[in-house]
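In: Fold the following for me, if possible:
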Amino acid sequence: MATLADVARKAGVSAATVSRIVNGSPKIVSEELRERVLRAVQELQYVPNAHAQLLARSHRTTVGVIVHDVSDPYFAEITRGLQRVASEQGRLVIICNSYRDPDRELEYVELLRAHQVESIILAGSGYHDPAFTKSLNAKLSAYMATGGRVSVVGRHKLAGDAVMPANEEGGYLIGSAVFSAGHRHVGVVAAPRQLTTTTDRLAGLRRAAREHHRTLPSKRIAYAEFDRDGGAAATAALLDADPRLTAIVALNDSMAIGALSALRERGLSVPGDVSVVGFDDMPIARDVTPPLTTVRLPLVEIGARAITMALDAPQPSPRVEEVPAEVIHRESLAEPRD
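Out: Below is the predicted model:
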């Protein structure tokens, strides 16, 4: 592999001159000299060392993104928005999957700091864990003290700017849709308890229940992993505990798809026997059978906003941008049978 010194010898110039030209230094060189160096670079197929370029430049061009799992459609959509803006702004994105392991998130923050990334974006849900939050905040504050920027997606008690999806409001809207349709026996397929996203969406559902003079007893709430298999297992548990259920509210679309599968295995039709609704409006929500009534969050836009805030000039105080939710009515929700 050709080195900078090889290019300098072939072009008949100093290594410092090659470095200035390759790294885009503002120092003026003649056009003839520039062409000679670039011709040598092409002939030798020289690739600059990214770490050396980082040290040579005052402006950092890499962004670190920590998500729970980029294979999850929710995070895939957010990441799509992030990468679109990153590409437009000439940034490289490093994506780190924490798999909802708080210790791994702490390790990734340290690793991204070591790589001197320009900004860190935490796109996963917050945790109800004061000790973890304190540790993470300390690491992020130390990073920001060196000029790094931080933005988060969701409700976190963390330093930095934040993009806030309307999780509580979305829970309220989808709950209102279910209760307004006449459902009294409603089961909830919930995500892990320690996630703030779970807390907020459940709070919205409970608010809707109170307004419609309904209840959501604990026996009708099943907690599971935030994925398709978790949704199927939780739905089966809910039906075993209360066969009278006429509606299932899943706290994301992947879990809702699992609910559809569990109901199909039991020979129950949707929405004839049991209505099913989801949350997030993943692209697949419109393609399943029946198409899924769900809460739409503009996930691509959320990702774009998060990285835009992280690349903006620092502000005197942290900013919070709220992103609204809306219910998308499709065929999976109907009035219950008498």
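In: Please count neighbours and contacts with C-alpha atoms only from this point.
Out: Noted.
In: what's the average pLDDT for stretch 243-262?
Out: Taken as a whole, stretch 243-262 has a mean pLDDT of 97.
In: I misspoke; the intended subject was stretch 34-52.
Out: For stretch 34-52, the per-residue pLDDT averages 80.
In: Residues touching it, excluding its own?
Out: When contacts are defined by Cα atoms under 8 Å, 6 or more residues apart in numbering, stretch 34-52 is touched by residues 1-4, 7-8, 10-11, 18, 21-22.
In: what's the farthest-apart pair in those residues?
Out: Across the contacts of stretch 34-52, no pair lies farther apart than Met1 and Ile21, at 19.4 Å, counting by Cα to Cα.
In: Pick out whichever of those two has more residues nearby.
Out: Ile21 (18 against 7; other Cα atoms under 10 Å).
In: Specify the residue ranges that define each domain of the protein.
Out: For the chain, the structural domains run 4-56, 62-165+300-325, 167-296, going by automatic domain parsing.
In: deepest of those domains, which one?
Out: Highest mean neighbour count of these: domain 167-296, a mean of 21 (counted as mean count of other Cα atoms under 10 Å).
In: Of all the domains of the chain, which one comes closest to Pro336?
Out: Per Cα to Cα, nearest to Pro336 of the domains of the chain: domain 167-296, 6.1 Å.
In: could you show me where the helices are in the chain, in order?
Out: 4-11, 15-22, 31-44, 50-56, 73-88, 102-114, 130-145, 167-180, 196-211, 228-241, 253-265, 299-311 (DSSP state H).
In: Tell me which of those sits nearest to Gly124.
Out: helix 73-88 (7.9 Å).
In: Run the chain-centre distance for the closest one.
Out: 9 Å (Cα atoms, centre = their mean, to the nearest Å).
In: do stretch 288-301 as well
Out: 16 Å.
In: how much space between Ala256 and Asp6?
Out: Per Cα to Cα, to the nearest Å, Ala256 is found 59 Å from Asp6.
In: Correction: the previous question concerned Ala123.
Out: 43 Å.
In: How about Gly148?
Out: 35 Å.
In: just His128 next, same as before
Out: 55 Å.
In: Also Ala222?
Out: 64 Å.
In: and what of Ser176?
Out: For Ser176, the distance to Asp6 - Cα to Cα - is 69 Å.
In: repeat for Gly230
Out: In terms of Cα to Cα, Gly230 sits 57 Å off from Asp6.
In: give the contact list for the residue lying closest to Glu110 once chain neighbours are set aside.
Out: Nearest residue to Glu110, sequence neighbours excluded (Cα to Cα, 6 or more residues apart in numbering): Lys139, at 7.3 Å. Counting by Cα under 8 Å, 6+ apart, Lys139 touches 106, 109-110.
In: any chance of those residues in a markdown table, plus distance to Ala247 and pLDDT?
Out: What follows is those, written out as a markdown table (distance: Cα to Cα, whole Å; pLDDT from 0 to 100):
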| residue | distance to Ala247 | pLDDT |
| --- | --- | --- |
| Leu106 | 39 | 93 |
| Val109 | 41 | 94 |
| Glu110 | 44 | 93 |
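In: which of those residues lies closest to Ser332?
Out: Among the contacts of Lys139, and counting by Cα to Cα, the member closest to Ser332 is Leu106, at 40.2 Å.
In: and that closest one, what does it touch?
Out: 135-136, 139.
In: swap the cut-off to 7 Å and go again
Out: Leu106 sits next to Leu136 when contact means Cα atoms under 7 Å, 6 or more residues apart in numbering.
In: quick revisit: CSV for the domains of the chain, including distance to Ser332?
Out: Below are these laid out as CSV (distance: least, Cα to Cα, whole Å):
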stretch, distance to Ser332
domain 4-56, 51
domain 62-165+300-325, 19
domain 167-296, 5
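In: which stretch in those domains is the model least sure about?
Out: Looking at these, the weakest mean confidence is domain 4-56, a mean of 79.
In: Distance from that one to the middle of the chain?
Out: 39 Å.
In: Going forward, the N-terminal residue is numbered 558.
Out: I'll keep to 558 as the first residue from here, and by that count the last item is domain 561-613.
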